[in-house]
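Participant: have a look at this prediction, sequence included:
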Amino acid sequence: MTLNKEELKNKIIYRSQYRGSKEMDLLMSSFVRSIINDISIDELLKLKELVNLGDENLMHLRNNQVDQKNSTTNNIINKFVNFKY
């Protein structure tokens, strides 16, 4: 299967806007829009993993309540944790 970068970006943007809670919709969609055009395809795949996490898990990440060293999305998580919106 060929991975279309633009299609992947569109899926990530859509998922970031429709998560379940309005607060996380706003946070995640702002974060995604701020980095999506400046990251590699590998980072896009990691971003896709991040946007598919549940809101509670994302808040734990955001509040540094999870050990990020064991995460495969470490670079993207660091950007998310440090994101100021």
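Facilitator: Good, I have the coordinates.
Participant: can you name the element that comes right after whatever helix or strand residue 27 lives in?
Facilitator: Using DSSP states H and E, residue 27 sits in helix 22-35. Proceeding N to C from helix 22-35, the next assigned helix or strand is helix 41-51, under DSSP H and E.
Participant: same for that following helix, what does it pack against?
Facilitator: helix 5-17, helix 22-35, helix 74-82 (3 or more Cβ pairs under 8 Å, 6 or more residues apart in numbering; DSSP states H and E). Backbone N, C-alpha and C define where each C-beta goes, glycine included.
Participant: contacts for it?
Facilitator: With Cβ atoms under 8 Å, 6 or more residues apart in numbering as the test, helix 41-51 has contacts from 3, 5, 8-9, 11-12, 15-16, 19, 28, 32, 35-36, 39, 58, 72-73, 75-77, 80.
Participant: now the buried members of these.
Facilitator: Buried residues within the contacts of helix 41-51, counting neighbours by 16 or more other Cβ atoms under 10 Å: 8-9, 12, 15-16, 19, 28, 32, 36, 39, 58, 73, 75-77, 80.
Participant: and those, which two are furthest apart?
Facilitator: 19 and 75 (21.4 Å; Cβ to Cβ).
Participant: turn the helices and strands packed on helix 41-51 into TSV, including mean pLDDT.
Facilitator: Below are the helices and strands packed on helix 41-51 laid out as TSV (pLDDT from 0 to 100):
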stretch	mean pLDDT
helix 5-17	96
helix 22-35	95
helix 74-82	90
